[in-house]
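Chemist: Fold the following.
(2 chains)
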Number of protein chains: 2
Amino acid sequence: MNLKEFAARIGLSQTTVSRAMSGYPEVKPETRARVLEAAEKLGYRPNISAQRLATGRAGAIGIVFQGGGRFGPHSSEFMGGLSTRLQKDGIDILVSTVETQDEEEAAYRRLAASKRVDAVIVHTTACTDTRIALLQAQGLPFIVHGRSEAQEPFAFLDIDNFGAIEAATRHLAGLGHRRIALINGDIAHTYARDRDAAYRATLAAHGLALDPALAGHGEFTDETGFRLMQAFLALPSPPTAVIAGSMMSALGAMRAIRIAGLAVGVDVSLIAHDDVFPYLSPDNLVPALTTTHSPIRAAGERIGDMVLRLLQGEAPETLQEIWPVDFIVRGSTGPAPA
Amino acid sequence: MNLKEFAARIGLSQTTVSRAMSGYPEVKPETRARVLEAAEKLGYRPNISAQRLATGRAGAIGIVFQGGGRFGPHSSEFMGGLSTRLQKDGIDILVSTVETQDEEEAAYRRLAASKRVDAVIVHTTACTDTRIALLQAQGLPFIVHGRSEAQEPFAFLDIDNFGAIEAATRHLAGLGHRRIALINGDIAHTYARDRDAAYRATLAAHGLALDPALAGHGEFTDETGFRLMQAFLALPSPPTAVIAGSMMSALGAMRAIRIAGLAVGVDVSLIAHDDVFPYLSPDNLVPALTTTHSPIRAAGERIGDMVLRLLQGEAPETLQEIWPVDFIVRGSTGPAPA
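Modeler: Numbering: from 1, shown residues only, chains lettered A, B, ... in the order given. Next up, the predicted model:
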């Protein structure tokens, strides 16, 4: 049974049937339910190409990564959540990988022109991010994972990076630590700037001096965590506490602490930001890690939801969420050594 | 400068220029080099949509996952390698996520009909995999990551799963272990069947009896590794050695061994298959893990290469590779306890 026959059989136009069965419901929920029920009963399976032609939709959401090397634990958790949500509406994800910022912008222009995607997800945002104005100018709908400054309002989901690092720093200061280090990401990114701001503000609020040698930056990998921690421990006056920007950085930091013959949670307190990797639980480490906790998979799922709402016509300024971050105390933090 | 102007300027047809500049070189290397050099010099940047229309190519490779939950450490490493290679030729990856095997087959039909991808990657192959005949019937080019039985030859890349588990089992038998457990994947999959066959054959070759209670199956997660190891240790006669199918399973197994008050490498020897996760190095665990080693990221990169060669007209039967697996002895294996 083709679309024409099916539409005639249930007394609706081909366009209404296509729209009802497409991923983007633009018809009344009752009509949609009726069409889906009839399709099930009559064994009608839509030809997606024809349907997309009829609805003018590509049925795919785009995401661009700078460098195939960027595909790692964070991106797979995010993609897992995003695809879990989009799958329910039969929407695919088009992954473009590019080398540079220029190539990324060219990729958006290309995606907008070729109509191969209905919207894109922008991630790893800079404090001032040229991609936002570019996408607005191209008329390509988008959701930002993160935040940025922009003239026009846009849809975004971010976590409260400031609140997370504020809670972590306050906890350590309360335990008497006076030399607290931070393993942060590239400060050009909004999340890293927010974390840095929270770190500085909370140190100041507790009357603690800021030592630039204790603020480290780099990619959230085991290797960088190890290298930065070794550098901290080599200082004339090493830190007694460290906040690691990710579980990956924390693994490297723990190794460096152990190699130096020190005990985590006794000689050096450690807090990690946990994006929640199913295979790397802070409870399973020895000692269990104190964390700021916010699952990136859940964020991906929610962003899938938001992008569908955006395509259904919701205004970008009504699609803005900032998620609180839980602070969970475990065994890796203790009083500052005397 | 548009395609027409550029082609006229360098005295070639628009089709030749498009083909030369597309990801799929179908023109002589000298011509391609000449076109690219002229484009660079004259500042010509192709309109990808027009180019794709001219070449009849989608410029994307498809990959289907069953369940968004399947996006995990293995898939991100594979995708990282694949995208690193495809990026060099400006090829995107279209990710479809489906719930069931039926939906996966419908997705391939849809991809073949809509011409949104030029080829697909098939992974997690069953011993008899209906997807292969389906794709051959649809005329949609594909590369298999893994192996399967099929009537017609097809392109694939697999690792030597038999050789890997044979080496691991032989090593343990040589150390005097007589109760060796295996944490394997779902036996319906080719890799799991190959590993199971190697385990059985090598036990038999050393005159060791096969105990079905020591052959565990499940997903390669920390949790399943933990659960299976706890079950092994609860047996009246527990194993003195275990082969874990992945680093993730090994993490769970190590935890179960420790919780039982036993020492890894002393009371229970442990070998893991290592697909190479940058944040989870067997050298960093305590004790360092003995592994069978084969990077899944490199396999993704190679498959990207193979898919481009397939699209350039190479015959599937000339694109078949089985990679050997290294066996690396570290501290987690030792003589069987007396």
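Chemist: OK, now which residue of the stretch 101-250 of chain A is nearest to chain B?
Modeler: residue A:114 (4.1 Å; Cβ to the nearest Cβ). Every C-beta, even on glycine, is put in place using the N, C-alpha and C of the backbone.
Chemist: Distance of that residue relative to residue A:138?
Modeler: Residue A:114 sits 12 Å away from residue A:138, taking Cβ to Cβ, to the nearest Å as the criterion.
Chemist: From the structure, what's the count of residues near the residue of the stretch 101-250 of chain A closest to chain B?
Modeler: For residue A:114, the number of neighbouring residues by other Cβ atoms under 10 Å in any protein chain shown comes to 17.
Chemist: try the one 5 residues further on
Modeler: By other Cβ under 10 Å, the residues close to residue A:119 number 21.
Chemist: wait, doesn't it sit right on residue A:61?
Modeler: Yes. The pair residue A:119 / residue A:61 is scored as a contact, 5.4 Å apart, by Cβ atoms under 8 Å.
Chemist: before we move on, which element is residue A:158 in?
Modeler: strand A:155-159 (DSSP states H and E).
Chemist: Next, show the common contact partners of residue A:119 and residue A:61.
Modeler: Common neighbours of residue A:119 and residue A:61 (criterion: Cβ atoms under 8 Å, 6 or more residues apart in numbering or on different chains): residue A:307.
Chemist: I'd like the average pLDDT over the helix or strand following the strand holding residue A:158.
Modeler: Next in sequence after strand A:155-159, counting helices and strands by DSSP H and E, comes helix A:161-174. Per-residue pLDDT over helix A:161-174 has a mean of 98.
Chemist: Mind giving me the packing neighbours of helix A:161-174?
Modeler: strand A:180-184, helix A:190-205, strand A:241-244, strand A:269-274, strand A:290-293, strand A:326-328 (3 or more Cβ pairs under 8 Å, 6 or more residues apart in numbering or on different chains; DSSP states H and E).
Chemist: Do a quick rundown of the strands in chain A.
Modeler: A:60-66, A:92-98, A:119-123, A:142-145, A:155-159, A:180-184, A:215-217, A:241-244, A:269-274, A:290-293, A:320-323, A:326-328 (DSSP state E).
Chemist: quick one on the thing from earlier: closest to residue A:224 out of the helices and strands packed on helix A:161-174?
Modeler: Proximity to residue A:224 (Cβ to Cβ) singles out strand A:180-184 among those, at 7.7 Å.
Chemist: List the contacts of that closest one.
Modeler: So strand A:180-184 is contacted by A:165, A:169, A:172-173, A:192, A:195-196, A:199, A:203, A:208, A:214-218, A:224-225, A:228-229, A:232, A:239-245, A:249, A:253 (Cβ under 8 Å, 6+ apart).
Chemist: in stretch A:140-160, what's buried?
Modeler: Neighbour-count burial for stretch A:140-160, counted by 16 or more other Cβ atoms under 10 Å in any protein chain shown, picks out A:140-148, A:150, A:154-160.
Chemist: what's the span of it, first residue to last?
Modeler: Using Cα to Cα, to the nearest Å, the end-to-end distance of stretch A:140-160 comes out at 27 Å.
Chemist: Any residue of it touching chain B?
Modeler: No. Residues of stretch A:140-160 are not located near chain B by Cβ under 8 Å from any Cβ of the partner chain, the shortest gap being 13.9 Å.
Chemist: Please compute how far that stretch lies from its chain's middle.
Modeler: 12 Å (Cα atoms, centre = their mean, to the nearest Å).
Chemist: for stretch A:57-75, same thing?
Modeler: 12 Å.
Chemist: got it, and stretch A:131-143?
Modeler: Worked out by Cα atoms, centre = their mean, stretch A:131-143 lies 19 Å from the chain centre.
Chemist: Check stretch A:311-323 too.
Modeler: Worked out by Cα atoms, centre = their mean, stretch A:311-323 lies 16 Å from the chain centre.
Chemist: Name the residues that touch it?
Modeler: Residues contacting stretch A:311-323 (Cβ under 8 Å, 6+ apart): A:24-26, A:57, A:118-119, A:141, A:143, A:147, A:153-160, A:294, A:299, A:302, A:306, A:309-310.
Chemist: closest one to residue A:125 among the helices and strands packed on helix A:161-174?
Modeler: helix A:190-205 (5.1 Å).
Chemist: Could I get the buried residue list for the closest one?
Modeler: A:190, A:191, A:192, A:193, A:194, A:195, A:196, A:198, A:199, A:200, A:202, A:203.
Chemist: For residue B:75, state which of these is nearest.
Modeler: Once Cβ to Cβ is applied, the member of the buried residues of helix A:190-205 that ends up nearest residue B:75 is residue A:191, at 24.5 Å.
Chemist: ok, and the closest non-adjacent residue to that closest one?
Modeler: What sits nearest to residue A:191 in space, not counting adjacent residues and going by Cβ to Cβ, 6 or more residues apart in numbering or on different chains, is residue A:161, at 4.7 Å.
Chemist: what's the burial count for the one you found?
Modeler: 27.
Chemist: can you check residue A:289 too?
Modeler: Neighbour number of residue A:289 under other Cβ under 10 Å is 27.
Chemist: what's near enough to touch the nearest residue in space to residue A:246 that is not next to it in sequence?
Modeler: In this structure, residue A:246 finds its nearest non-sequential neighbour in residue A:220, 3.8 Å apart by Cβ to Cβ, 6+ apart. Residue A:220 sits next to A:74, A:185, A:245, A:246, A:248, A:249 when contact means Cβ under 8 Å, 6+ apart.
Chemist: And residue A:220, its phi and psi?
Modeler: Note on residue A:220: backbone dihedrals following degrees, to the nearest 10 are phi -80, psi 70.
Chemist: so how far is residue A:122 from it?
Modeler: Residue A:220 is 19 Å from residue A:122, by Cβ to Cβ.
Chemist: you'd agree residue A:304 is up against residue A:84?
Modeler: Yes. Look at residue A:304 against residue A:84 with Cβ under 8 Å: they come within range, at 7.3 Å.
Chemist: Between these two, which has more neighbouring residues?
Modeler: When neighbours are counted by other Cβ under 10 Å, residue A:304 and residue A:84 differ, and residue A:304 comes out ahead with 25 against 20.
Chemist: For residue A:298, see how far away the more buried one is.
Modeler: Taken as Cβ to Cβ, the span from residue A:304 to residue A:298 is 11 Å.
Chemist: Ok, residue A:190 next?
Modeler: From residue A:190 to residue A:298 the distance is 20 Å (Cβ to Cβ).
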